[in-house]
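Colleague: Fold the following, please.
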Amino acid sequence: LKIPYYNMWEDFLADFKKEAPASMQSVQQTAGQFWAFMPSERAFLTSAFQGMSIATVFAFFVLLLATGNIIQAFISLLCVAVIIVSVLAIMYFQGWEIGISESISMVILIGFSVDYCVHLSADFMHSAHPQRSNKMQQAYQEMGISIFSGAITTFGSGVFLFMG
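Modeller: So this is what the prediction gives:
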């Protein structure tokens, strides 16, 4: 975001105006088009986090409906949160700025991560096995290939973005 740089220049100008002669008191900063996009950047960031909040709440209710167990829904939502935090951390460390694509992608990310968690959680909860280890093994056997295939196709479609 450009807001910290804008504020830094505003502070510099305020200090400059204190010592400047009367004829230079009307000095203004300009950065061409860069400052003009600051309200848009703020809106992208705000809408991304609003969308993520709404999608997370909706995802919780989908998980609750699919699993029929509030504890399992919370655990699955925790998995989704870890995925989201991991991706946002990568975006931060790569130095990506929040634009239109990133704002939309952050909300879609929740959908992808919930999709995988819902399938495993629902299969786990509906398993006839009494032991958790057997339930998880069944969930991996029945849903693992579908989840793995979905991950491969998602990765495969993303590869083309790096080529362009």
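Colleague: need the strands for the chain, in chain order.
Modeller: Assigned by DSSP state E, the chain shows no strands.
Colleague: any idea where the helices of it begin and end?
Modeller: Using DSSP state H, the helices of the chain run over residues 3-19, 38-67, 70-94, 100-125, 132-163.
Colleague: Could you dump those into CSV with mean pLDDT added?
Modeller: Shown next, in CSV, are those (pLDDT from 0 to 100):
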stretch, mean pLDDT
helix 3-19, 84
helix 38-67, 84
helix 70-94, 88
helix 100-125, 82
helix 132-163, 85
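Colleague: Reformat the ones you listed into a markdown table and put mean neighbour count and distance to residue 25 next to each item.
Modeller: All C-beta atoms are positioned from the backbone trio N, CA, C, and that covers glycine. Shown next, in a markdown table, are those (neighbours: other C-beta atoms under 10 Å; distance: least, C-beta to C-beta, whole Å):
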| stretch | mean neighbour count | distance to residue 25 |
| --- | --- | --- |
| helix 3-19 | 11 | 6 |
| helix 38-67 | 16 | 25 |
| helix 70-94 | 14 | 40 |
| helix 100-125 | 18 | 39 |
| helix 132-163 | 12 | 50 |
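Colleague: would a markdown table of those helices with distance to residue 30 be doable?
Modeller: Below are these laid out as a markdown table (distance: least, C-beta to C-beta, whole Å):
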| stretch | distance to residue 30 |
| --- | --- |
| helix 3-19 | 10 |
| helix 38-67 | 13 |
| helix 70-94 | 29 |
| helix 100-125 | 25 |
| helix 132-163 | 35 |
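Colleague: which stretch among those helices comes nearest residue 27?
Modeller: helix 3-19 (6.4 Å; C-beta to C-beta).
Colleague: for that closest one, the distance to its chain's centre please.
Modeller: 33 Å (C-alpha atoms, centre = their mean, to the nearest Å).
Colleague: any idea how far residue 128 is from residue 65?
Modeller: 21 Å (C-beta to C-beta, to the nearest Å).
Colleague: again, but for residue 153
Modeller: In this view, residue 153 and residue 65 are 26 Å apart by C-beta to C-beta.
Colleague: now swap in residue 20 and tell me
Modeller: 65 Å.
Colleague: again, but for residue 22
Modeller: 69 Å.
Colleague: swap in residue 37?
Modeller: Using C-beta to C-beta, residue 37 is found at 41 Å from residue 65.
Colleague: Over to residue 55?
Modeller: In this structure, residue 55 and residue 65 are 15 Å apart, going by C-beta to C-beta.
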